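Peer 1: Turn this into a model:
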Amino acid sequence: MKSTHPKAELTTASSKSNTNKPKKGLTDPLDTSVQYLKGVGPKLAQVFASRGIESARDLLYFFPRKYEDRSKLSPLKDLAEGQTASVKLTAHQHFSRPLKNRFSKLFEVKAYDSENQWISLKWFRTFKGFETKFNPGSTFIATGILKRFGSVREMVHPEIQFDLDDDLHVGRIVPVYTEIDGIPTKTLRKILDTAITLYVDLLHEDLPNFLLKKHGLPKLPLAIQEVHFPSENYIKAGNDLFTDFRSPAHQRLIYEEFFKFEYHVLSRKIDSEKERGYSFDPATLNTSLSRHLQKLPFHLTAGQTNALKEIFQDLTQPHPMNRLLQGDVGAGKTAVALLAALSAMDQGYQVALMAPTEILAEQHFQNSLRVFGATTAVRLLVGKTSAADRRTLQAQLESGTPMLVIGTHALIEDPIQFQKLGLAIIDEQHRFGVEQRKKLRAKSVVQPHSLLMTATPIPRTLALTAYGDLSVSIIRERPPGRTPIRTYLAHVNEQAKMVEIIRNEIHAGRQAYFIFPLVNDSEDEAFKHLTSAVSAAEKLATEVFPEFKVGLLHGQLSSAEKASVMENFRKNEVQILVSTTVVEVGVDVPNATIMVIEHAERFGLSQLHQLRGRIGRGQHASTCFLKTNRPAFIPTPERLEVMCETEDGFKIAEADLELRGPGEFLGTRQSGALPFKIASLVRDQDWLLKARADVEAMLATDPLIQNPEHKPFKDYLSHQGKREGDHLKTS
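Peer 2: Residues are numbered from 1 along each chain as shown. Below is the predicted model:
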């Protein structure tokens, strides 16, 4: 990356710079390019830029990922295998030998400690001149993980400290950073030490002082300095406080990240409440609901009733509703959404319900007709909808005819436009991107009310961040009549018994799903061992279950072929449905009571829970088999154990968040909305709640941020705060 600094053209190509003070002439010295820091230069600056580190400020906020206690040197005899330690050693001899790859070699040093205990140090890559530093008799400190190769102790790629008086890398709690290719760990530590010395005191305090006092937190410069290079105070107080990210310095930075994030989220929510929207008549809503409830073949659960109450309350407000309806698989979210849709239509509004797949859209369409009658104004718009039908539908929409249009992405394509879109419902909202949700809302002249639905229960801490600008309704209980699902691990030596259980169940009139990770067999070495849906369907039909009809469903089939396969399965003309994860969302066949997930360890916890949710939807007992080719004595992934222990989607969501982290949990469409450098939604839940409460209090008493005690935060909002707020798009 070419620097825009005025003196950049005069800088040599050397990887070093003699600069030792902030550059003058900049609006903010913290914006000084990293290339002007001692030890960097243009070449290393390009490496830093590849990781998003371009300025001195960026460096200060490049936090350690962990810490190592190197405050004490350990004798070799006291170390256990797998332990990380720092050891003072004396070199005895060194040598290099080529490896099988003629372009690489192994460099090895034999060394001993003060008690004549021996160790071998090995490197598979070194820098020029490294080998000359280990002359016999030279002393140094090696830090690494102790391993054993037979009876020989060894460390592979240990960090070496030759200057025994340099206390930056040993004799303290030492920060360990995410590796940046091309920048040695010790070099990175020195550069950060320089940056902190020059710039940390120039940092602006963004948080009100009274909040720091309230929580007993240090000022920003001290917090940044201590997080990078802990002082003696922390060694005396107990290292675990620091290594567990529980030090006051860490908590200060964690709190600040959450506070700023929650401000942007909650202020956006306040702004949305200022927008003009359609206001529904409450009396008419209640009358409509009473009439439509009589058509339902079941009674609503307490959770469904409460969710409808919250939705109707929002619909009567003069600003658009922005609500997330979450509930476990089979909790009855669709019934709630359809009741809200019909009640909106009774007031003369149009409603759109967007689903991620044609299978799910058609299922919603058929269910609404079956429950509420063919006279209900419901239309289907999917990819296969004919041009003539689209023109007819568009004419009805332009005329303002009240109706419910159920569809896929086709709803947000031109020329579809609503004359009076009162309610936009998005099912399985996590399957859609932010821009797609915006496009649906933009199909109306006036901002419609928005109801987002998800069958992936979201842990509270994640809901307060990723969806913090939404109101949340939760349906926790399952409708009456839903049977529990027994879940078992089926190891390679237990699968004959599993097949017999399935055969008996199908003979009793039930049906089964078999789920596979691939459509076709793969020649890729990483996937060669995986059974595909296509090959498995043939084997199941001809060898394993020849007496039953086997169907095949996957994403490469046309819409018509998918619909045909699903219809045959619904009618029980197909007893075994072999599929990929295309059935993950919304497919509803109450007679299916068996779910077999092949290569279960290949699926994520949330995905396993969604797949399992395709069964247990009727009156018969259901069983899920998590099939693995591992023998019983090999430990299975923790997520499979979680699946066997509970059906509770909220417990599973918490476990999933803990196992995978928020970015993976949300998927790529949402993870960009969580730019935390040091805060963890799993580890730091209490600080998230504290920050949110403090932001709510500030917005309630000083919405325009004019109070003098809030001035530091107002200054932040006037500068980098606006840029950060624009980046956080959570709805």
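
Peer 1: Find the least confident helix or strand in this protein, judged by mean pLDDT.
Peer 2: Ranking every helix and strand in the chain by mean pLDDT, DSSP states H and E puts helix 668-671 at the bottom, with a mean of 39.

Peer 1: Which strands or helices does the helix or strand immediately after that helix in the chain pack on?
Peer 2: Counting by DSSP states H and E, the next helix or strand C-terminal to helix 668-671 is helix 685-701. The helices and strands touching helix 685-701, judged by 3 or more Cβ pairs under 8 Å, 6 or more residues apart in numbering; DSSP states H and E, are helix 209-215, helix 248-272, helix 460-463. Yep, even glycine has a C-beta here, placed from its N, CA and C like the rest.

Peer 1: Which of these sits closest to Ile196?
Peer 2: Among the helices and strands packed on helix 685-701, the nearest to Ile196 by Cβ to Cβ is helix 248-272 (12.5 Å).

Peer 1: Tell me which helix or strand comes right after the closest one.
Peer 2: Scanning onward from helix 248-272 (DSSP H and E), the first element met is helix 282-293.

Peer 1: which other residues reach the next helix or strand after that next one?
Peer 2: Following helix 282-293 in sequence order, the next helix or strand is helix 302-315 (DSSP H and E). Residues from elsewhere that reach helix 302-315 (Cβ atoms under 8 Å, 6 or more residues apart in numbering): 279-280, 282, 285-286, 289, 300, 321, 323, 325, 327, 331-333, 335-336, 339-340, 343-344, 423, 449, 451, 471, 473-477, 479.

Peer 1: do the same with stretch 551-564
Peer 2: 358-359, 362, 382-384, 519, 533-534, 537, 565-566, 568-569, 574, 576-580, 582-583.

Peer 1: The residues you listed in strands, which ones?
Peer 2: 576-579 (DSSP state E).

Peer 1: between these, which has the most around it?
Peer 2: Val578 (28 neighbours; other Cβ atoms under 10 Å).

Peer 1: could you measure that one against Asp28, distance?
Peer 2: 61 Å (Cβ to Cβ, to the nearest Å).

Peer 1: Identify each buried residue in stretch 461-478, please.
Peer 2: Buried residues in stretch 461-478, counted by 16 or more other Cβ atoms under 10 Å: 461-470, 472-476, 478.

Peer 1: thinking again about what came up before, export the ones in strands among the contacts of stretch 551-564 to TSV and tack on pLDDT and distance to Lys549?
Peer 2: Formatted as TSV, the ones in strands among the contacts of stretch 551-564 follow (pLDDT from 0 to 100; distance: Cβ to Cβ, whole Å):
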residue	pLDDT	distance to Lys549
Ile576	96	7
Leu577	96	10
Val578	95	11
Ser579	93	15
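
Peer 1: Now Asp389. Its backbone dihedrals?
Peer 2: With angles defined as degrees, to the nearest 10, Asp389 sits at phi -70, psi -30.

Peer 1: Could you measure from the closest residue to Ser267 other than its chain neighbours over to Asp206?
Peer 2: Leaving aside its chain neighbours, Ser267 sits nearest to Leu699 (6.7 Å; criterion: Cβ to Cβ, 6 or more residues apart in numbering). Taking Cβ to Cβ as the measure, Leu699 falls 16 Å from Asp206.

Peer 1: Give the burial count for Arg125, as a bare number.
Peer 2: Using other Cβ under 10 Å: Arg125 sits among 10 other residues.

Peer 1: just checking, what packs against the helix or strand hosting Ala655?
Peer 2: According to DSSP H and E, Ala655 maps onto helix 649-660. Applying 3+ Cβ pairs under 8 Å, 6+ apart, we find helix 649-660 packed against helix 605-612, helix 638-645, helix 662-666.

Peer 1: Off-centre distance for stretch 204-211?
Peer 2: Centre-to-centre, stretch 204-211 and its host chain are 30 Å apart (Cα atoms, centre = their mean, to the nearest Å).

Peer 1: And the contacts of it?
Peer 2: Counting by Cβ under 8 Å, 6+ apart, 217, 219-220, 255-256, 259-260, 694, 709-713, 715-716 sit against stretch 204-211.

Peer 1: filter those to the buried ones?
Peer 2: 217, 220, 255-256, 259-260, 694, 710, 712-713, 716.

Peer 1: And the helix holding Ala655, how far out from the chain middle?
Peer 2: 11 Å.

Peer 1: what is the rounded mean pLDDT of that helix?
Peer 2: Helix 649-660 carries an average pLDDT of 78.

Peer 1: who touches that helix?
Peer 2: 328-329, 455-459, 461-462, 476, 604-606, 609, 638-639, 642-643, 646, 665, 681-682.

Peer 1: what comes up buried for it?
Peer 2: Buried, per 16+ other Cβ under 10 Å, within helix 649-660: 649-650, 652-660.

Peer 1: just stretch 495-508 next, same as before
Peer 2: 498, 502, 505-506.

Peer 1: Spell out the secondary structure type for Ser450.
Peer 2: strand (DSSP: H, G, I helix; E, B strand; the rest coil).

Peer 1: In the top strand by length along the chain, which residues are buried?
Peer 2: Ordering each strand of the chain by length in residues (DSSP E) puts strand 84-98 first. Neighbour-count burial for strand 84-98 flags 84-89, 91, 94 (criterion: 16+ other Cβ under 10 Å).

Peer 1: Dump that strand to CSV, restricted to CA.
Peer 2: This file holds the C-alpha atoms of strand 84-98, laid out as CSV (Å, rounded to 0.1, in the frame of the first residue of the first chain):
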residue,chain,number,x,y,z
THR,A,84,4.8,-23.8,28.5
ALA,A,85,7.8,-22.4,30.3
SER,A,86,10.9,-20.2,30.1
VAL,A,87,14.3,-21.9,30.7
LYS,A,88,17.8,-20.4,31.0
LEU,A,89,20.1,-22.6,28.9
THR,A,90,23.7,-23.0,27.7
ALA,A,91,24.4,-24.0,24.1
HIS,A,92,26.4,-27.2,23.7
GLN,A,93,26.4,-27.8,20.0
HIS,A,94,24.2,-27.1,16.9
PHE,A,95,23.8,-28.6,13.5
SER,A,96,21.6,-28.6,10.4
ARG,A,97,20.3,-31.5,8.3
PRO,A,98,18.2,-31.5,5.2
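
Peer 1: Thanks a lot, catch you later.
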